[in-house]
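J.: Using only what follows, build the 3D model:
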Amino acid sequence: MPTNDRTPANRWLEVTGGTRGPAYAARFRELAAQGRDLHGEARFCDALLPRGGRVLDAGCGTGRVAIELARLGHKAVGVDIDTSMLAEARAAAPGLTWVAGDLATLDPKAVDGPDAYDLAVAAGNVMIYLTPGTEAQAVATLAACVRPHGGLVVAGFSFDGGEGGTPVSAEAYEAACEAAGLHRVERHAGWDREPWDAAAGYGVFVHRRD
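T.: You can find the predicted model right below:
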């Protein structure tokens, strides 16, 4: 008998069809040409990192954050599920490492192994565009990728689910962090360290691995 059950799809690929890489790259080139500041996330992470730190850009898209962190002297690796985005990242920075993968099922060995990074960042609403129900596993993956006793996991996302994403509350995200052995260091309402406001609808979180 037919049922309505189906395996949840990755929200990002479902919304975009996995083809938006060229359009995203063109959009950010245009914004850069207009003099817009595109590097708030990278500055935020740079302030948390040791000089020459190791960074995993999780859900890296076209590579904007990883490329800027590399320009600032860090060792950056990017991973994304959308190969059209990764193609743009590779074209923009062929000297960096770009890995195709789903954060919920990613083997840390695919991105240099467990405990490899000083910081893993999931910017750009990554958390709300995962496959529904895999958010906690993705957080656990990021926790496994950073070094114990001080490695940081940073994430910023809208709580309402954005364009076709899955709503993720601050409480649910922080519960997933606690379950993964991550403890909150700070949280803000934006990448310029705006004071935390649960009603603002957006959060930037910094958690440290035990």
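
J.: can we go C-alpha only for contacts and neighbour counts from here?
T.: Noted.

J.: and the closest residue to residue 177 other than its chain neighbours, what does it touch?
T.: For residue 177, ignoring the flanking residues on the chain, the nearest one in space by Cα to Cα, 6 or more residues apart in numbering is residue 139 at 6.4 Å. By Cα atoms under 8 Å, 6 or more residues apart in numbering, residue 139 lies in contact with 104, 176-177, 180.

J.: likewise residue 25?
T.: Residues in contact with residue 25, defined by Cα under 8 Å, 6+ apart, are 62, 88.

J.: From residue 109, how far out is residue 98?
T.: According to Cα to Cα, to the nearest Å, residue 98 stands 14 Å off from residue 109.

J.: Quick check on the residue sitting nearest the centre point of the chain: phi, psi?
T.: Central residue of the chain (Cα atoms, centre = their mean): residue 122, 1.6 Å from the mean position. When read as degrees, to the nearest 10, the backbone of residue 122 gives phi -120, psi 90.

J.: Residue 153 in helix, strand or coil?
T.: Under DSSP: H, G, I helix; E, B strand; the rest coil, residue 153 falls in the strand class.

J.: for this structure, what helix or strand is lowest in average pLDDT?
T.: Scoring the helices and strands of the chain by mean pLDDT, DSSP states H and E places helix 21-33 at the bottom, with a mean of 90.

J.: Would you mind pulling up the elements that the helix or strand containing residue 43 packs against?
T.: Using DSSP states H and E, residue 43 falls within helix 40-46. Under the contact criterion of 3 or more Cα pairs under 8 Å, 6 or more residues apart in numbering; DSSP states H and E, helix 40-46 touches helix 64-71.
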